[in-house]
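Peer 1: Quick one: sequence plus predicted model below, questions after.
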Amino acid sequence: MKSKSIIVIGAGIGGIAAATHLAKRGMKVTILEKNSHAGGRCDRFSQDGHHFDAGPTLLVMPLLYEAEFAALGVSAREMLDLQRVDPTYHLVFDDGSRLALTSDMKSLQEQLEAFEPGSFPGLLRYMDEGHRHYHVGMEKLVNRDFRKASDFFDLRNLSLAFRLKPLVNHYRNMSSYFADPRLKAAFTFQDVYMGLSPFEAPATFSMMPYTELAHGVWYPKGGMYSIVEALMQLALHAGVEFEFDASVERIEVNRNKAQGVVLTDGRHIKCDTLLANADLPYVYKDLLPQDGQAERLARKRFSCSVVSFFWGVDKTYKELNPHTLFLADDYRDNFKSIIRDLDLPANPCLYIHAPARLDPSMAPEGQDTLIAIVPVGHMSENGEQDWAQIRDRARQHVLRRLATLGITDLEAHLKFEVNYSPLSWRKRYNLMKGSTHGLCHNLTQLAYFRPRNRHSRYHNLYFVGASTHPGTGIPTALVSGRLAAERIMDEAICD
Ligand SMILES: Cc1cc2nc3c(=O)[nH]c(=O)nc-3n(C[C@H](O)[C@H](O)[C@H](O)COP(=O)(O)OP(=O)(O)OC[C@H]3O[C@@H](n4cnc5c(N)ncnc54)[C@H](O)[C@@H]3O)c2cc1C
């Protein structure tokens, strides 16, 4: 049998994973990527001997990495030189108090009890709930496809309404475990990874703090981009072909089929099956003929964005641990400003990553590589946000926070600064509204309610990546890649 030709638009994590599965099954797969290298949001760049992970900095859910690399026929532990980051985060609160989230239970107990006497048993109960949510959630929601309504609306799934607490508000749920608002924040801030505020997220997401503490946060030697390098190696070995600087301008369709793509350089490339890894709402809006679906998608909830600063500095800041997170007292207002007002909060929570603490080769000797990430609202429809001004305010907040750790001379030691705003995220990766995590993960946009990973009209057009099922994050993009490839093998190949 002649093997089917498959074009993948985009060499993000989901695209490379799907392409590799398909090529291993004998398909002829070509990935067209608009940028000059693979990885999408899991990007990197270097300047003057400083190496920066431009997007992800945390390897979370290691069990998913192991399972997905195993599905590709290799061991994640063998391919990625991983070290556990423990404590995972160093949290700093507005009143100066600090909490190191560690798997050392004795240390965690002492720290928690100093914040709130009697809180440690609360943590153990919370972890117990997180354990249930993680394992049930992985089995019932993440690791499976929802191709038709009956896959989801199944009597056996009814119990999920109780077992996963989808209708219970995450932050409110924290009152069952802790009274101190700092502790409530310490174990809910991860909701922002889902594009959600803990004040609206389902309590299901207690699975995130659980997996971070129980399974760990890890760091691959050489940074997060080594995940992309490992996947590229597998893809090339399986026979996937890559074309870089190949930007797709539109998808050519004929009645009920996608026929191929037209590139910005004018080339037409035909294929049997098309898999779009570029952000799903962007594909509907910019690459497909308009039929009303793009507008409906644009009205869905998008996750927030971030302003990132990448700094090369000529001294080492030992005060900074690998992952430092500043959590503001006005926690609720932070999410309100970001999600409702699409703005920068007055006193933003923010995150600083110092990769050279984990891998000294990330900075020249005696110097430092620093990344500061400040969550902000995504781009508004009317384009009224002044991103230069928001960026400058964000920078002042980072410097103010650093000063609380005794770092007051950063500007004097700056060799260079690179910064990204939502405009950069949109331009670099075609992310709609500059939203770093794509469509957010509220109840009405999860599982069966997330956009299908097959087009309803063009049946040989499939989708993979953060705005599809199961959602944002590198490990979930790996799952999404496997699910998309399985579906293509099941359906398209039989046509
Ligand atoms: C700032 C930030 C921090 C993050 N932190 C973490 C973290 O710590 N841990 C974690 O697990 N995840 C994190 N994530 C999320 C994670 O990076 C993403 O969910 C994941 O990488 C998305 O992969 P994807 O498969 O959706 O592909 P994408 O990364 O969206 O890649 C799609 C590719 O398609 C290409 N493309 C787009 N349009 C076209 C076109 N017209 N023609 C050709 N090519 C096109 C793009 O250039 C891109 O390479 C973070 C993301 C960001 C932005």
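Peer 2: Right, received. Where do you want to start? Residues are numbered from 1 along each chain as shown.
Peer 1: which ones are touching the closest residue to residue 327 other than its chain neighbours?
Peer 2: The shortest distance from residue 327 to any non-neighbouring residue, by C-beta to C-beta, 6 or more residues apart in numbering, is to residue 185 (4.8 Å). In short, each C-beta sits where N, CA and C put it, glycine included. When contacts are counted by C-beta atoms under 8 Å, 6 or more residues apart in numbering, residue 185 touches 93, 198, 327, 331.
Peer 1: Taking those together, which two end up most distant?
Peer 2: Greatest spatial distance among the contacts of residue 185 (C-beta to C-beta): 93 and 198, at 15.8 Å.
Peer 1: higher neighbour count, the two?
Peer 2: residue 198 (25 against 20; other C-beta atoms under 10 Å).
Peer 1: Tell me, how many residues neighbour the nearest residue to the more buried one once chain neighbours are set aside?
Peer 2: Distances taken as C-beta to C-beta, 6+ apart put residue 188 closest to residue 198, at 3.7 Å, once the chain neighbours are dropped. Counted with other C-beta under 10 Å, the neighbours of residue 188 add up to 25.
Peer 1: Could you pull up the residues touching residue 188?
Peer 2: With contact set as C-beta under 8 Å, 6+ apart, residue 188 has these partners: 170-171, 174, 198, 201, 205, 209.
Peer 1: and with 6 Å instead?
Peer 2: Neighbouring residues of residue 188 by C-beta atoms under 6 Å, 6 or more residues apart in numbering: 170-171, 198.
Peer 1: Then residue 309?
Peer 2: The contact partners of residue 309, taken as C-beta under 6 Å, 6+ apart, are 372, 419.
Peer 1: Mind listing residues that contact stretch 326-338?
Peer 2: Applying C-beta under 6 Å, 6+ apart, the external contacts of stretch 326-338 come out as 91-94, 185, 197, 199, 304, 343, 345, 347, 349-350, 375, 377, 401.
Peer 1: With the ligand as the reference, measure out to residue 358.
Peer 2: Remark: distance between residue 358 and the ligand (C-beta to the nearest ligand atom, to the nearest Å) = 14 Å.
Peer 1: Enumerate every residue touching that residue.
Peer 2: Neighbouring residues of residue 358 by C-beta under 6 Å, 6+ apart: 219, 322.
Peer 1: Please repeat the previous calculation with a cut-off of 7 Å.
Peer 2: 83, 85, 219, 322 (C-beta atoms under 7 Å, 6 or more residues apart in numbering).
Peer 1: In this structure residue 303 contacts residue 195, no?
Peer 2: Yes. Using C-beta atoms under 7 Å, residue 303 is in contact with residue 195, at 2.3 Å.
Peer 1: Around the ligand, pick out the residues from the protein.
Peer 2: 9-15, 32-35, 40-42, 55-58, 60, 247-248, 277-279, 306, 429-430, 436-437, 465-466, 472-474, 477 (C-beta under 6 Å from any ligand atom).
Peer 1: Restricted to helices, list these.
Peer 2: 13-15, 429, 474, 477 (DSSP state H).
Peer 1: Quick check: of the residues you listed, which lies closest to residue 451?
Peer 2: residue 14 (13.7 Å).
Peer 1: Per-residue pLDDT of that closest one, please?
Peer 2: For residue 14, the model assigns a pLDDT of 98.
Peer 1: Show the backbone phi and psi for the residue lying closest to residue 181 once chain neighbours are set aside.
Peer 2: Leaving out its chain neighbours, the residue that sits closest to residue 181 by C-beta to C-beta, 6+ apart is residue 331, at 6.8 Å. Residue 331 adopts backbone torsions of phi -60, psi -50, taken as degrees, to the nearest 10.
Peer 1: Residue 331: how many residues sit nearby?
Peer 2: Count around residue 331 with other C-beta under 10 Å applied: 24.
Peer 1: And it, how far from the ligand?
Peer 2: Noted for residue 331: a distance of 20 Å to the ligand, by C-beta to the nearest ligand atom.
Peer 1: In contact with residue 241, which residues are there?
Peer 2: Contacts of residue 241 (C-beta under 7 Å, 6+ apart): residue 30.
Peer 1: circling back to that earlier point, which of the contacts of residue 185 lies closest to residue 74?
Peer 2: Closest to residue 74, out of all of the contacts of residue 185 and judged by C-beta to C-beta, is residue 198, at 36.4 Å.
Peer 1: Which members of the contacts of stretch 326-338 are positioned in strands?
Peer 2: In strands, defined here by DSSP state E, the members of the contacts of stretch 326-338 are 91-93, 350, 375.
Peer 1: now for the residues you listed, which pair is the farthest apart?
Peer 2: The farthest-apart pair in the ones in strands among the contacts of stretch 326-338, when distances are taken by C-beta to C-beta, is 93 and 375, at 17.0 Å.
Peer 1: what's the closest of the contacts of stretch 326-338 to the ligand?
Peer 2: Distance ranking of the contacts of stretch 326-338 against the ligand, using C-beta to the nearest ligand atom, places residue 375 first at 9.4 Å.
Peer 1: so that closest one makes contact with residue 192?
Peer 2: Yes. At 5.9 Å, residue 375 and residue 192 qualify as touching, with contact defined as C-beta under 7 Å.
Peer 1: any shared contact partners between the two?
Peer 2: Listed as contacting both residue 375 and residue 192 by C-beta under 7 Å, 6+ apart are residue 304.
Peer 1: hang on, the earlier thing: report the lowest-confidence entry in the contacts of stretch 326-338.
Peer 2: Out of the contacts of stretch 326-338, that is residue 197, at 91.
Peer 1: Just give the nearest non-adjacent residue to it, would you?
Peer 2: Distance criterion C-beta to C-beta, 6+ apart; nearest residue to residue 197, sequence neighbours excluded, is residue 335 at 3.3 Å.
Peer 1: how far away is the one you found from the ligand?
Peer 2: Taking C-beta to the nearest ligand atom as the measure, residue 335 falls 17 Å from the ligand.
Peer 1: so residue 312 is in which element?
Peer 2: Using DSSP states H and E, residue 312 sits in strand 305-313.
Peer 1: mind listing what residue 127 touches?
Peer 2: Counted by C-beta under 7 Å, 6+ apart, residue 127 has contacts 210, 213-214.
Peer 1: Nearest to residue 125 among those residues?
Peer 2: Closest approach between the contacts of residue 127 and residue 125, by C-beta to C-beta: residue 210, at 11.6 Å.
Peer 1: so the closest one sits in a strand?
Peer 2: No. Going by DSSP: H, G, I helix; E, B strand; the rest coil, the assignment for residue 210 is helix, not a strand.
Peer 1: Looks like residue 425 contacts residue 434 (just checking).
Peer 2: Yes. The pair residue 425 / residue 434 is scored as a contact, 4.5 Å apart, by C-beta under 7 Å.
Peer 1: and for the two, which residues touch both?
Peer 2: residue 305.
Peer 1: residues touching residue 44, list them.
Peer 2: By C-beta under 7 Å, 6+ apart, the contact list for residue 44 reads 51-54, 223, 225.
Peer 1: er, residue 85 actually
Peer 2: By C-beta under 7 Å, 6+ apart, the contact set of residue 85 is 217-219, 322-323, 358.
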